[in-house]
Structures are given as structure tokens and as C-alpha cells.
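**Student:** The amino acid sequence is not available; the structure is as follows:
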């Protein structure tokens, strides 16, 4: 299995409506480190999983949709549900859609998978994986 990864970060504000989250029900900010990994069983025609610059640009476009935003007001997280897992799922969906628009030969080969890991801190993270 081959893999290619890039990372970036995003700054958000949010709160949670579920009392399960205790003090996090109050508005607070977070800086998330976001890591993306594409896994492929074979390399494409250029002997890479995909262009690393294209993957990083795609990640930045996805993160720009939430960077410096109050996620309580973002339509992707109705009812104040912007948990780290849901942020990872949201980013993965945007990345997959962006990658699907790439010309054949630039995108990963069929059967590749996408993994998005969102780090809340150096010791805590959540993620989401999906097929491309």
C-alpha cells in the first residue's frame, strides 16, 4: 500500500448544545492541526499516488470553508454538532469532491482511500476515513 500525506491547520470557534460536553457547551476557540492521507494499492502513471501540491491545495480549499468561522453558524454542523469527528467528516467530503474533479491520470487510481485526522492537541485527535 502506498500513501501520500499533507497537513495544514485551521482556527475555529464553536460550542456544543449537548450537556455531555460540560464546559465546552460554552463558546470556545480551537486551532486544529489537520492531516490528510491518501492510500492507494498502486501508483498512477506519474509513479506517485497523486501530485502532492494538488492535494495540499485541495486541503487548503476545504479548510478555507471553516477557517476563522463560528461553526455554530455553519450549515454543515446544524444544532451545534461540530465535534472533531464531524469536522473530519466535513473536510473529507470536500476533499473527495475536489479530488473527483481532477483529470484522469492526476487523481489517485480507483480503489484509493482518504483519511482525515484532526488533532485538537498533541495528545488528542479524531478522524474520518472513506473511499475515494
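**Tutor:** Thanks, I have it. For clarity, every value in this text was computed on a predicted model and none was experimentally measured.
**Student:** At the geometric centre of the protein, which residue sits there?
**Tutor:** residue 91 (3.3 Å; CA atoms, centre = their mean).
**Student:** Can you verify it is assigned to a helix?
**Tutor:** Yes. Under DSSP: H, G, I helix; E, B strand; the rest coil, residue 91 falls within a helix.
**Student:** Tell me the confidence at it?
**Tutor:** Note for residue 91: predicted pLDDT of 98.
**Student:** Pretty sure it sits against residue 34.
**Tutor:** Yes. Assessed by CB atoms under 8 Å, residue 91 is found in contact with residue 34 at 6.3 Å. Glycine gets a C-beta too; all of them are placed from N, C-alpha and C.
**Student:** what's the overlap in contacts for the two?
**Tutor:** 59, 63, 116, 118 (CB atoms under 8 Å, 6 or more residues apart in numbering).
**Student:** Show residues contacting stretch 110-120.
**Tutor:** Contacts for stretch 110-120 (CB under 8 Å, 6+ apart): 30, 32-41, 49, 84, 87-89, 91-92, 95-96, 99, 125-132.
**Student:** Could you identify the buried members of those?
**Tutor:** By neighbour count, with 16 or more other CB atoms under 10 Å, the contacts of stretch 110-120 hold 30, 32, 34-40, 49, 84, 87-89, 91-92, 95-96, 99, 125-128, 132 as buried.
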